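Asker: Predicted model, plus sequence, below.
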6 protein chains.
Amino acid sequence: MDDVEQAIQAKIHREDRIRERLLEETLRGTLLIDTQGERVGQVNGLSVMQLADFSFGHPTRITARVRLGKGEVIDIEREVELGGPIHSKGVLILSGFLGARYAADQPLSLAASLVFEQSYGAVEGDSASSAELYALLSALAGLPIQQSLAVTGSVNQHGEVQAIGGVNEKIEGFFDLCRARGNLDGQGVLIPASNVRHLMLRNDVVDSVQKGQFNVYPVESIDQGIEILTGVAAGERDASGKFPEGSVNQRVEARLIQLAEKRLAAAQKAGPEIAS
Amino acid sequence: MDDVEQAIQAKIHREDRIRERLLEETLRGTLLIDTQGERVGQVNGLSVMQLADFSFGHPTRITARVRLGKGEVIDIEREVELGGPIHSKGVLILSGFLGARYAADQPLSLAASLVFEQSYGAVEGDSASSAELYALLSALAGLPIQQSLAVTGSVNQHGEVQAIGGVNEKIEGFFDLCRARGNLDGQGVLIPASNVRHLMLRNDVVDSVQKGQFNVYPVESIDQGIEILTGVAAGERDASGKFPEGSVNQRVEARLIQLAEKRLAAAQKAGPEIAS
Amino acid sequence: MDDVEQAIQAKIHREDRIRERLLEETLRGTLLIDTQGERVGQVNGLSVMQLADFSFGHPTRITARVRLGKGEVIDIEREVELGGPIHSKGVLILSGFLGARYAADQPLSLAASLVFEQSYGAVEGDSASSAELYALLSALAGLPIQQSLAVTGSVNQHGEVQAIGGVNEKIEGFFDLCRARGNLDGQGVLIPASNVRHLMLRNDVVDSVQKGQFNVYPVESIDQGIEILTGVAAGERDASGKFPEGSVNQRVEARLIQLAEKRLAAAQKAGPEIAS
Amino acid sequence: MDDVEQAIQAKIHREDRIRERLLEETLRGTLLIDTQGERVGQVNGLSVMQLADFSFGHPTRITARVRLGKGEVIDIEREVELGGPIHSKGVLILSGFLGARYAADQPLSLAASLVFEQSYGAVEGDSASSAELYALLSALAGLPIQQSLAVTGSVNQHGEVQAIGGVNEKIEGFFDLCRARGNLDGQGVLIPASNVRHLMLRNDVVDSVQKGQFNVYPVESIDQGIEILTGVAAGERDASGKFPEGSVNQRVEARLIQLAEKRLAAAQKAGPEIAS
Amino acid sequence: MDDVEQAIQAKIHREDRIRERLLEETLRGTLLIDTQGERVGQVNGLSVMQLADFSFGHPTRITARVRLGKGEVIDIEREVELGGPIHSKGVLILSGFLGARYAADQPLSLAASLVFEQSYGAVEGDSASSAELYALLSALAGLPIQQSLAVTGSVNQHGEVQAIGGVNEKIEGFFDLCRARGNLDGQGVLIPASNVRHLMLRNDVVDSVQKGQFNVYPVESIDQGIEILTGVAAGERDASGKFPEGSVNQRVEARLIQLAEKRLAAAQKAGPEIAS
Amino acid sequence: MDDVEQAIQAKIHREDRIRERLLEETLRGTLLIDTQGERVGQVNGLSVMQLADFSFGHPTRITARVRLGKGEVIDIEREVELGGPIHSKGVLILSGFLGARYAADQPLSLAASLVFEQSYGAVEGDSASSAELYALLSALAGLPIQQSLAVTGSVNQHGEVQAIGGVNEKIEGFFDLCRARGNLDGQGVLIPASNVRHLMLRNDVVDSVQKGQFNVYPVESIDQGIEILTGVAAGERDASGKFPEGSVNQRVEARLIQLAEKRLAAAQKAGPEIAS
């Protein structure tokens, strides 16, 4: 092995240390990532970290909280100028979808906040926009999301899930965390259906998938994704325009109508401005 | 062939690769562009990509979503500072047209959002402003737009369609996508009438047009364009100031009045602020 | 002819080509400028284009649209940061005049938008502020403006028309367009009275004016100008404070009162916020 | 006379040309400055223009317009970023004075706009803040200001007039304009009383003052100044807190109360938001 | 005396000239600083001017004006970007104290403006925040502040007075002005109690203090300070939560309640928005 | 000892002087830090100061004040642009938690302000976000916080306390202040549970902890922390969704409901806008 090769090996080793460090801090609880159980308004998003000659995926906790408000979906990363334009565009797109799909003829009466928890740097790209939307739907529907799953994919104004980059690194990043915690059964990731042709996973991941342990779910729409994450049917509008009782979409719409009515009730007592 | 010529050929080849790559990604579904069927609030806009010594056209999906609101037309590209001033000017102009043409004596009560889907860079120029307006009218009227067609042209405050640049590249870009998908019959593009004299299309496009397959529609006004895209008459105000029942314009106005009334109804119950 | 002289001639020739090009594009309809007929909310403004050693005038279409709103006059050039400070100052001044002159004791209830159509670069100077005000008055009064005329001049908060620069180039620019379209009879321009002493027009323009074809109208006030542009008397308040029935000013005030009342009516039904 | 001296003379001559040019343009009506008659909402402010080794004063027309609104005093120079911080501070201070002195227990219901007419560059300093306040009081009281007078001086939140710089150049600038128009009788300037000790006027100005033609009025407060400019007593609150009938202050307060009541009346009909 | 020493002496002399100049301009009334009498909404703040090798203190007039409004405390220096972040922080802190201490369960209904009068440069530091709060309390309570006193010290959200820098220069600056005006009896300054250990005053100041002429008042809280400045007891809430009748705090709270009620009264007549 | 070593020692000594200076100023009362007693709306946060080769911890007083308002939590550091993006993100996250956890179906009706008192530089990092939330909860509940304790740790939108950096320096910084004041009994710090494994405290601190004097409390949630700081149970919602009477959470919720009702009451009298 000559000097150049040694130098390259050393460099890869140093960079790989960063990946290991992040994994280690997650295992020790410095970075909080659940991979078991379920939680309302919380989802595992998948990011790619790009070093000089090396990139790897790791999960980020995305949370959403909802309360009575004037219809604003607050993207906290953008508020503090940590979110790049594509990230911000993604959040505006998911807001366009949310606002127009549910109770579009009612005053939008929620105040929602979206956060990448324990993320301390700039956030760019729209590959987490579907994850953010799932967290928001979960918070609105009051339905918990399986923490054994992680999500990547962008979403457009019609609720279609679109392709993203780095799909293999992202899957492997979550796989490594789950394996390090000693469990692969029932763990998995949701990826855009249009990314399937980009799949070139490591052999250990492929083996685990083939054994029926780790799962890769290709999804084409938000409805497909939210069903996998919550285990509850998304629901389509029937002839009368109603979502089936108990479906995710029915619950989301019901909550938005309830918030509008609570706002109406407060306003009826006292006046409109009070209702926000 | 000497060295210089070879170098030039190689360069063109490299740049042409980018065009092919974009086309390929669209064919594979990484970039979502429909060229068949119909869709509410969605239109194929035409862009020109400019490389060093080479330019080509390719379609972009433009979507519009509408809900009850306070009259704002949100240009998402501008919100995240990806839209240049001319792009933003175009959206403000179409808003001026929309607001003053329909139900101008009623409080404007929509919240609309306009997006260039899967567009990750800066957007400049007003050549998509008519396409954005068509998407918005479609969303308001609830009338689907033929996805077999694509659109270019800017619009002024009186609804006239104005000339744009790169008309040939744009037409050829959409033609190439349609052909690659194996169908040219019934496909086509809407261009500003004042661009007709700039037409210098490739022979294959000219042949297809002459065979009655691919169509080039010169339009002078938004009314002309929306008729071609939806197959429904635009409609002119009669002596009493009303648009004909079932026409695009009647539906748009009716929806805007309905939104204003829904807002009024919510406000009547509870107070004004609640209605947005 | 020596070399230097030749170089100068060549340069002038090149720059003159730009002037010819703009004229040509206008004649072909790429740039939309009407020089016949009449139109509501549309006026020909006059700009000067300054090249290195050469300047010339050309007309710009300025449009205004009006609807029910909260009293805002939106200067679209400023909104997208294409308008320089003096341009923006001009629009604020005309708004100050408009708001204080008509129905000053009523809530201002219009939403107006002003645009330089097909203008793709920065706009500076206040020499179009009177033209913008005419377009706005026309849109409010519902009275069409003669497109055979073009306008230059700034306006102050008391409605006086003030001197501007480049008066000769501006007049000649419009003259050249009208002549190229084969008609000079009844064509003309409105200039500030205080610019008369700066007139040094080309012989062909002077000849045409002397023959009673092309007209140069010096104006001192907005009232004088709007009469020439619409053919309708501006009207002065009588002892009871009312403008004469049918006058421009009476129509503008009536429309502003009507908008305020429409807003009141909507508000009465539902609440105040709804009325905007 | 040696070369250096010649060069200095030439330079002064060139710079003095600018002064002459401004004066000439004012005399010819390119720059509109009234030095006779009276006008509501219009006052002559005094500026100093600073060249390299030379400075001179010249008057600027300051206008104020007032309508029903939500209490905003719009400083148009600041809106378009032509006003420096000290200028803007001056306008905010005069607004603080206005709002707290008159009808302080009523909702402030005016919309006022202040402009330096035909001023095309940056504006800095607070030496015009008293002039701006006079224009505003005149517009509110409906009392005309003598255009034979010009004003300099800043104002604090308690209505005291404060010292400014360049008092001699400012006085001489207005003197020269008046003399060039052939009249000095009854012409004059208002200066801060604390600037009297800085007076070192040219002999011709001193002579004219001594002959009782041109007047220099030192003022300590806004009340003193507005009396000189309008010829109407400012008025002090009596024991019951009322200003004397017909006084400037009574008229200003009455107009502010009237605007608040008009706003109340519109709001009573329809709702609050409508009232602005 | 060698050359270096001479140069140093000359420099100090030049810089001391600036101090003398400021003092002189104050004595002549160019800079308005009262050191006798009493005034509502006006207090002498103390600043330090820092030259290269030399610093000195001088007083600044701080004024506050109050009217009916929506609860905003406008820091005019910040509005025009002359106030640095620490200055602005100080004003926000005093607003937090004011809003939470008095009538915290009522809608805050004042509009207050704070100014450093005749201050033409950037303002930084929070050493005037207690002075600004005193001016505001005086304006609200309608109680005059003794102009024979001057103030330094910052304030926290609980109304405690905190240490500042340059305490000696500040005291000496006010001392010098008072002496130059020929009176020291009853003159004095309020300083933070925690600055007492930093006192190293000039002999003449110490002598005057010892003779009982000039006073240095160490204060720990806003309550202590306002008592010294107004001669009226600050007042503490009794068991029923009320401040003693006639105390400063009772008057401030009463005025805030009165403003809220006036706003309520206007709103009752007409609607809420009207009330601001 | 050679020269290099001497230089290093000297440097450390100089930097250590800064630490000593800060400590000294705190002991002398220039910097106000309570380490005894209890106070509503005030908590000791822990910061790390980073010098070139040296870092140390020191406490900062964080205060919160609350009044009736429209739901805004004002981060004063951010308002004046002294707060970095991570700091600001932390405050937005705690606001998201507060708004969604308590009375989420009521209009949020507080106005709260958060300050780092006597902090004169930029503030970055989210390690104080749990401390800020404790101060806010204390102000809302009206329950005092033990000043004998200090706090570090960030908080997420679900109220979990997350790991921070510099845990040892922070603990030692507070330990040193307490010891210098002569008391360690009952003093202590709250740290994130996930930071326990980073503990490597100085021997004197370890000794004191082992003797049962100084305490280190690892906490996982805001509920745990607020119990330690106030000595009052946090309280969990029972089956009917109510917090136990007298618990911190019940008091916070009750206060938020009371504020909403006070706002409603004012609005009922007069209109909505008035209520803020």
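Answerer: Received the coordinates, thanks.

Asker: Give me the contact list for the helix or strand of chain A with the lowest mean pLDDT.
Answerer: Taking mean pLDDT, DSSP states H and E as the measure, chain A has helix A:3-27 as its least confident helix or strand, at a mean of 84. When contacts are taken as C-beta atoms under 8 Å, 6 or more residues apart in numbering or on different chains, the neighbours of helix A:3-27 outside the stretch itself are A:1, A:31, A:33, A:49, A:51-54, A:56, A:58-59, A:176-177, A:180-181. From N, CA and C alone the C-beta is placed, and that goes for glycine too.

Asker: Off-centre distance for it?
Answerer: In this view, helix A:3-27 has its centroid 28 Å away from the chain centroid, taken as C-alpha atoms, centre = their mean, to the nearest Å.

Asker: quick one: buried residues of it?
Answerer: Neighbour counts using 16 or more other C-beta atoms under 10 Å in any protein chain shown place A:E15, A:R19, A:L22, A:L23, A:T26 of helix A:3-27 among the buried residues.

Asker: Over to the residue in the stretch 51-200 of chain A that chain E sits nearest to. Which of the three states is it?
Answerer: Nearest to chain E, among the residues of the stretch 51-200 of chain A, is A:K70, at 16.2 Å (C-beta to the nearest C-beta). What DSSP: H, G, I helix; E, B strand; the rest coil gives for A:K70 is coil.

Asker: hmm, which two among the buried residues of helix A:3-27 are most spread apart?
Answerer: Greatest spacing in these, by C-beta to C-beta: A:E15 and A:T26 (17.7 Å).

Asker: Strands of chain A, residue ranges please.
Answerer: Taking DSSP state E to define them, one finds strands in chain A at A:38-39, A:42-50, A:55-68, A:72-75, A:110-116, A:145-146, A:149-151, A:154-155, A:161-162, A:188-192, A:215-219.

Asker: Can you tell me the strand partners of the last one and which way each runs?
Answerer: Here strand A:215-219 is paired, per DSSP bridges, with strand A:188-192 (parallel).

Asker: same check, this time on the first one
Answerer: Strand A:38-39 has the following strand partners under DSSP bridges: strand A:145-146 (antiparallel).

Asker: One more: the second one?
Answerer: Using DSSP bridges, the strands paired with strand A:42-50 are strand A:55-68 (antiparallel), strand A:149-151 (parallel).

Asker: Neighbours of the nearest residue to A:V155 once chain neighbours are set aside, how many?
Answerer: When the adjacent residues along the chain are set aside, A:V155 lies closest to A:S130, with 4.5 Å between them (C-beta to C-beta, 6 or more residues apart in numbering or on different chains). By the criterion of other C-beta atoms under 10 Å in any protein chain shown, A:S130 has 32 neighbours.

Asker: pretty sure A:S130 is touching A:V151, no?
Answerer: Yes. Counting by C-beta atoms under 8 Å, A:S130 touches A:V151, with 6.1 Å between them.

Asker: what's the overlap in contacts for the two?
Answerer: Where contact means C-beta under 8 Å, 6+ apart, the residues bridging A:S130 and A:V151 through contact with each are A:L190, A:G225.

Asker: okay, who's weakest in the contacts of helix A:3-27 by pLDDT?
Answerer: Scanning the contacts of helix A:3-27 for pLDDT, the low point is A:M1. It has 56.

Asker: Tell me the spacing between the nearest residue to A:L133 once chain neighbours are set aside and B:A104.
Answerer: Among residues not flanking A:L133 along the chain, A:L94 sits closest, at 4.3 Å (C-beta to C-beta, 6+ apart). Counting by C-beta to C-beta, to the nearest Å, the gap between A:L94 and B:A104 amounts to 32 Å.

Asker: for A:A180, same thing?
Answerer: According to C-beta to C-beta, A:A180 and B:A104 sit 64 Å apart.

Asker: So between these two, which is more surrounded?
Answerer: Of the pair A:A180 and B:A104, B:A104 is the one with more neighbours under other C-beta under 10 Å, namely 20 against 13.

Asker: Can you tell me how far that one is from chain F?
Answerer: According to C-beta to the nearest C-beta, to the nearest Å, B:A104 and chain F sit 28 Å apart.

Asker: try A:A239
Answerer: According to C-beta to the nearest C-beta, A:A239 and chain F sit 32 Å apart.

Asker: And for that residue, the neighbour number?
Answerer: 5.

Asker: try A:F214
Answerer: Burial of A:F214, expressed as a neighbour count using other C-beta under 10 Å, amounts to 25.

Asker: can you tell me which residues contact it?
Answerer: With contacts defined as C-beta under 8 Å, 6+ apart, the neighbours of A:F214 are A:F175, A:C178, A:L184, A:Q187, A:G188, A:V205, A:S208.

Asker: if we go to 7 Å?
Answerer: A:F175, A:L184, A:Q187, A:G188, A:V205, A:S208 (C-beta atoms under 7 Å, 6 or more residues apart in numbering or on different chains).

Asker: okay, and for chain A, where does confidence drop off?
Answerer: Within chain A, the ranges that satisfy pLDDT under 70 run A:1, A:267-276.

Asker: Need the outlier residue of it, farthest from its centre.
Answerer: Here the centre of chain A is the reference, and by C-alpha atoms, centre = their mean the most remote residue is A:D2, at 44.9 Å.

Asker: how close does the nearest residue to A:Q146 once chain neighbours are set aside sit to chain F?
Answerer: Nearest non-adjacent residue to A:Q146, counting by C-beta to C-beta, 6+ apart: A:E38, 5.4 Å away. If you measure A:E38 against chain F using C-beta to the nearest C-beta, the figure is 13 Å.

Asker: what about A:E38, distance to chain B?
Answerer: Look at A:E38 and chain B: by C-beta to the nearest C-beta, they are 31 Å apart.

Asker: what's the distance between that residue and B:V73?
Answerer: To B:V73, A:E38 is 39 Å away according to C-beta to C-beta.

Asker: out of the two, which sits in the more crowded spot?
Answerer: B:V73 (23 against 17).

Asker: The more buried one touches B:S95, doesn't it?
Answerer: Yes. Contact status for B:V73 versus B:S95: in contact at 4.4 Å, counting by C-beta atoms under 7 Å.

Asker: Alongside chain B, which residues does the stretch 51-200 of chain A contribute?
Answerer: If contacts are counted using C-beta under 7 Å from any C-beta of the partner chain, the residues of the stretch 51-200 of chain A sitting beside chain B are A:85-86, A:88-89, A:92-93, A:96-97, A:99-100, A:104-108, A:156-158, A:160, A:162-163, A:194, A:197.

Asker: same thing but 8 Å
Answerer: Contacts of the stretch 51-200 of chain A with chain B, taken as C-beta under 8 Å from any C-beta of the partner chain, map to A:70-71, A:85-86, A:88-89, A:92-93, A:95-97, A:99-100, A:104-109, A:126, A:154, A:156-158, A:160, A:162-163, A:193-195, A:197.

Asker: Tell me where the stretch 151-276 of chain A has helices.
Answerer: Secondary structure of the stretch 151-276 of chain A (DSSP state H, counting those that start in this stretch): helices located at A:167-180, A:203-210, A:222-230, A:248-270.

Asker: what about the residue nearest to A:L133, neighbour count?
Answerer: Neighbourhood size, A:L94 [other C-beta under 10 Å]: 28.

Asker: How about the contacts made by it?
Answerer: For A:L94, the contact set (C-beta under 8 Å, 6+ apart) comprises A:V73, A:S129, A:S130, A:E132, A:L133, A:L136, A:V155.

Asker: if we go to 10 Å?
Answerer: With contacts taken as C-beta atoms under 10 Å, 6 or more residues apart in numbering or on different chains, A:L94 has the following neighbours: A:73, A:75, A:114, A:126, A:129-134, A:136-137, A:154-157, A:159, A:222.

Asker: ok so, going back, filter the contacts of helix A:3-27 down to the buried ones.
Answerer: Among the contacts of helix A:3-27, those buried by neighbour count (16+ other C-beta under 10 Å) are A:L31, A:I33, A:M49, A:F56, A:H58, A:P59, A:D176, A:L177.

Asker: Next, format those residues as CSV and append distance to A:L143.
Answerer: Converted to CSV, those look like this (distance: C-beta to C-beta, whole Å):
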residue, distance to A:L143
A:L31, 25
A:I33, 20
A:M49, 31
A:F56, 32
A:H58, 26
A:P59, 21
A:D176, 28
A:L177, 24
